[in-house]
Structure formats: C-alpha cells, structure tokens
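Undergrad: For reference, the sequence and a predicted model appear below.
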Amino acid sequence: MSSKVIWVGAVLIIALVEASWLGAISIRGVVPDLVLVMVVYFAITEGEEIAMYTGVLGGMFQDVAANTVLGQHILCLVVIGFCIGRISKRLVTDNPYVRALTVLLASVVQGILFISLEYIQQVNSSAVYSMSISVMPKAFYTAMATPFIFYIVMRIRPVTAKGMV
C-alpha cells in the first residue's frame, strides 16, 4: 500500500512542479515535460498499466495548467505510456542513453499527437510550424532532464525487479 502512496505523491509533486515552478528554468519559453518523463519511467520500471495511470493523473494537471480541452494531454500520455510499456520489455533499459533516447522519441510522438489533436479542433492553425517551433526543442530539453528525474525518482522509490517494489 505504501508504494502506491509514494507513486501518487511522486506524480502529484512532479505535476505541481511542472505547472508552477518550471518557468524559472525555461529556455526561450521551452520547459521540460516532467510528467512525460514520469510516464516513461513507470513504463520502463513498472509496465504499461502504472504508466497509463501516471498519464491520467499527470495529464489532468497539464490540461488544467495549459488551459486546453480536458483530455488532450491525458490521451497523449496514456498512449505513450502504453506504447513505451510494451516496447520496454524488448529494450535494454538500464543504459541511461537508451532511457534518454526513449524519452526523446516519446516526447516527439506525444508532441505530434497533441498538435494533431489541436489541428483537428482548429483547422486554421499551422501544424508543421507548431511542431518545428515547440515539439523538437521541448523533446531535446526533456531528454536532457531525463537522467536527473530518473535519479531522483529511483532514490525516492527504488525498484528491485521489473514491476516489483
């Protein structure tokens, strides 16, 4: 029971930090997506089910903080959590470079999904321009933050075996 409380607490703290304090470390308006890093972390260590729940919990905070339609971030993060959880069974995820590359690719896919959903809702927006100006810088910044976030979460919630805490 205590591992679930720690999981919920970690996701809530990361979501609140992302929603409130990340403006302090923004570079030209780009901030890392800490909730996505948490989704990938739990997809790699726990599997797709916990990653999808993490996406729902963190996505709600992102939707409210970004003032978007409720469910856009949730849908994107749940899809990413499921896909990475399934793929991580075939990856060597102990290597920090593999983790950072996984987060980079997950961030790009999540950005493409999110902008595609926005384009469906507002056809007059420029999807390609939005992808080049926001998705790629955010993906690289998020990948650079990955080792630090993984280290902090591993210290708070150590994982002994795949899916066992």
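TA: All right, it came through fine. Numbers count the residues shown, from 1 in each chain.
Undergrad: count of neighbours near I87?
TA: As a burial measure, I87 scores 16 neighbours (other C-beta atoms under 10 Å). C-beta coordinates here come from the backbone N, C-alpha and C atoms, glycine included.
Undergrad: Same check on the one 10 residues further on?
TA: Here the neighbour count serves as a burial measure; for Y97 (other C-beta under 10 Å) it reads 9.
Undergrad: does it count as helix, strand or coil?
TA: The local conformation at Y97, judged by DSSP: H, G, I helix; E, B strand; the rest coil, is helix.
Undergrad: From A51, how far off is it?
TA: Separation of Y97 from A51 (C-beta to C-beta, to the nearest Å): 20 Å.
Undergrad: what's the answer for Q62, then?
TA: 15 Å.
Undergrad: and what of A100?
TA: On the measure of C-beta to C-beta, A100 and A51 end up 17 Å apart.
Undergrad: between those two, which one's more packed in?
TA: A51 (27 against 20).
Undergrad: Which helix or strand contains that one?
TA: A51 belongs to helix 48-66 when assigned by DSSP states H and E.
Undergrad: Pull out the buried positions in that helix.
TA: Neighbour counts over helix 48-66 (16 or more other C-beta atoms under 10 Å) mark 48, 50-63 as buried.
Undergrad: How far away from the center of its chain is the helix or strand just after it?
TA: Next in sequence after helix 48-66, counting helices and strands by DSSP H and E, comes helix 72-87. Distance of helix 72-87 from the chain centroid (C-alpha atoms, centre = their mean, to the nearest Å) equals 9 Å.
Undergrad: Helix 72-87 packs against which elements?
TA: Contact here means 3 or more C-beta pairs under 8 Å, 6 or more residues apart in numbering; DSSP states H and E; on that basis helix 72-87 packs against helix 34-45, helix 48-66, helix 96-121.
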